[in-house]
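Enquirer: the following comprises the amino acid sequence and a computationally predicted model.
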Amino acid sequence: MRKRKLRELEVSEIGMGCMGFSHGYGTAPDRNYSIDAIRDAFSYGCTFFDTAETYGTQQFYPGHNEQLVGEAVEPFRKEIVLATKLHFRGAAPKDGKELEVEVRRHLEQSLHNLRSDYVDLYYLHRVNEDVPLEDIAGVMGKLIQQGIIRAWGLSQVSVEMLRRADQVTPVSAVQNIYSMVERSCEADIFPYCMEHSIGVVPFSPIASGLLSGKVTRDIKFEGDDVRKFVPQLAKENLEANQPILDVVRQHAAVKGATNAQIALAWMLHKYPNVIPIPGSKNKERILENLGASEVKLTEAEFSSLEQALNACTVYGHRGHVETEQNPNFAFSKQH
């Protein structure tokens, strides 16, 4: 698979979101199945794996997903880029010294879970407005200098938040929601990141399955399933967004690809600094998504697709900025 850059980190152009093996898509699959799925992705050519300290809290315990991913990638740890996330909850640290102690405590637990002595990419999972971003950036800079992390990133942020943090310690990646139906990042996040060699790592690049065309009005999302909170998947919006699915389906038929592959190929063509991390708990879907790297749009095909998408109205919009104090919807405690 072709490679792209998150500033200094080189990764496969499509990564793998591993959350679904512990949280978010209904009952989690068997552990051995999950480990095999991650290893199959690596064999396919994926070298970028994403997890977080909070994934697994609902069905298991905090750190479950990190532990699973750590076990899966241990045989080829040095050959991949492994990303995890720091999540501040509860009372904010009183000062910079206490903040650094707290960050290191979280990181040490993640390293233990991941069976590693370093993290390639360490994100702030969500901004806590009570903790100055500049202070977080300063601590991340120290961790980079000490070699405990190789790079750091932000998630679900505005360009103003990004700029403040980037001026203290250069940011390597921004993980925001981005897809054919969530495009607010195009206004300022992408231009800033392009200018500063920052990678954009979209989560939900297939819009939680909407763009695959496989979500119908009859499907019920229950239990630990984040899709019950996704606005585009509300029954009234599924029907209203059908013109977008028709556009994707038509272009997929021309290319001999799946709808999901077209959704990923579209953003890979559009931005050289985008590295989507589609998530799934199904082996076949995971390999299908990685297969989007083989789907190359011509300029004419991309222009046709872009024009058709721009003519459609999107029903159900989440937006890409969320903080601990201002989540966009109930699901935002974990993405």
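Expert: Received it, and whenever you're ready, just let me know what you need. Numbers count the residues shown, from 1 in each chain.
Enquirer: contacts only, for the closest residue to Met194 other than its chain neighbours.
Expert: Nearest non-adjacent residue to Met194, counting by CB to CB, 6 or more residues apart in numbering: Asn273, 5.9 Å away. From N, CA and C alone the C-beta is placed, and that goes for glycine too. Residues near Asn273 by CB atoms under 8 Å, 6 or more residues apart in numbering: 4-5, 190, 193-194, 197-200.
Enquirer: Throw together a PyMOL command that grabs the buried residues out of those residues.
Expert: To isolate the buried ones among these in PyMOL, judged by 16 or more other CB atoms under 10 Å, type:
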select buried, resi 4+5+190+193+198+199+200
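Enquirer: among the contacts of Asn273, which one lies nearest to Ile80?
Expert: Arg4 (14.2 Å; CB to CB).
Enquirer: so how far is the helix or strand harbouring the closest one off the chain centroid?
Expert: In the assignment (DSSP states H and E), Arg4 maps to strand 3-6. Taking CA atoms, centre = their mean, to the nearest Å, one finds strand 3-6 lying 15 Å from the centre of the chain it belongs to.
Enquirer: filter the contacts of Asn273 down to the ones in strands?
Expert: 4-5, 199-200 (DSSP state E).
Enquirer: stretch 51-66: how far from the chain's middle?
Expert: With CA atoms, centre = their mean as the basis, stretch 51-66 stands 16 Å off its chain's centre.
Enquirer: just the CA atoms of the host helix or strand of His112, as CSV, please.
Expert: For His112, the host element (DSSP H and E) is helix 96-114. Taking Å, rounded to 0.1, in the frame of the first residue of the first chain, the C-alpha atoms of helix 96-114 are listed here in CSV:
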residue,chain,number,x,y,z
GLY,A,96,1.4,22.7,35.0
LYS,A,97,3.4,20.4,37.3
GLU,A,98,0.3,18.5,38.3
LEU,A,99,-0.7,18.3,34.7
GLU,A,100,2.5,16.8,33.7
VAL,A,101,2.2,14.2,36.4
GLU,A,102,-1.3,13.3,35.2
VAL,A,103,-0.3,13.0,31.6
ARG,A,104,2.6,10.8,32.4
ARG,A,105,0.3,8.6,34.6
HIS,A,106,-2.1,8.1,31.7
LEU,A,107,0.8,7.4,29.2
GLU,A,108,2.5,4.9,31.5
GLN,A,109,-0.8,2.9,31.7
SER,A,110,-1.2,3.1,28.0
LEU,A,111,2.4,1.8,27.4
HIS,A,112,1.7,-1.1,29.8
ASN,A,113,-1.5,-1.9,27.9
LEU,A,114,0.2,-1.7,24.5
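Enquirer: tell me the helix or strand right after it.
Expert: By DSSP H and E, the next helix or strand past helix 96-114 is strand 119-124.
Enquirer: so what's the spatially most central residue of the chain up against?
Expert: Residue closest to the average C-alpha location in the chain (CA atoms, centre = their mean): Phe203, at 3.0 Å. Contacts were defined as CB under 8 Å, 6+ apart; by that measure Phe203 touches 17, 50, 155, 175-177, 277, 279, 335.
Enquirer: now Asn128
Expert: Taking CB under 8 Å, 6+ apart as the test, what Asn128 contacts is 88, 92, 323-325.
Enquirer: my guess is Asp130 contacts Ala92, does it?
Expert: Yes. Asp130 is within contact range of Ala92, at 3.7 Å (criterion: CB atoms under 8 Å).
Enquirer: more crowded one of those two?
Expert: Ala92 (16 against 12; other CB atoms under 10 Å).
Enquirer: wait, isn't the more buried one in contact with Val131?
Expert: Yes. Counting by CB under 8 Å, Ala92 does reach Val131; the two are 4.9 Å apart.
Enquirer: picking up where we left off before, pull out the buried positions in the helix holding His112.
Expert: Within helix 96-114, the residues that count as buried by 16+ other CB under 10 Å are 99-100, 102-103, 106-107, 110-111, 113-114.
Enquirer: would you turn the residues you listed into TSV with distance to Ala292 and pLDDT?
Expert: Below are the buried residues of helix 96-114 laid out as TSV (distance: CB to CB, whole Å; pLDDT from 0 to 100):
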residue	distance to Ala292	pLDDT
Leu99	40	94
Glu100	40	96
Glu102	39	95
Val103	35	96
His106	33	97
Leu107	32	98
Ser110	29	98
Leu111	32	98
Asn113	30	98
Leu114	27	98
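Enquirer: still on that earlier bit, in JSON lines, list the contacts of Asn128 along with secondary structure, pLDDT and distance to Val181.
Expert: Below are those laid out as JSON lines (DSSP: H, G, I helix; E, B strand; the rest coil; pLDDT from 0 to 100; distance: CB to CB, whole Å):
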{"residue": "Phe88", "secondary structure": "coil", "pLDDT": "83", "distance to Val181": "30"}
{"residue": "Ala92", "secondary structure": "coil", "pLDDT": "78", "distance to Val181": "34"}
{"residue": "Thr323", "secondary structure": "strand", "pLDDT": "86", "distance to Val181": "22"}
{"residue": "Glu324", "secondary structure": "coil", "pLDDT": "85", "distance to Val181": "25"}
{"residue": "Gln325", "secondary structure": "coil", "pLDDT": "79", "distance to Val181": "26"}
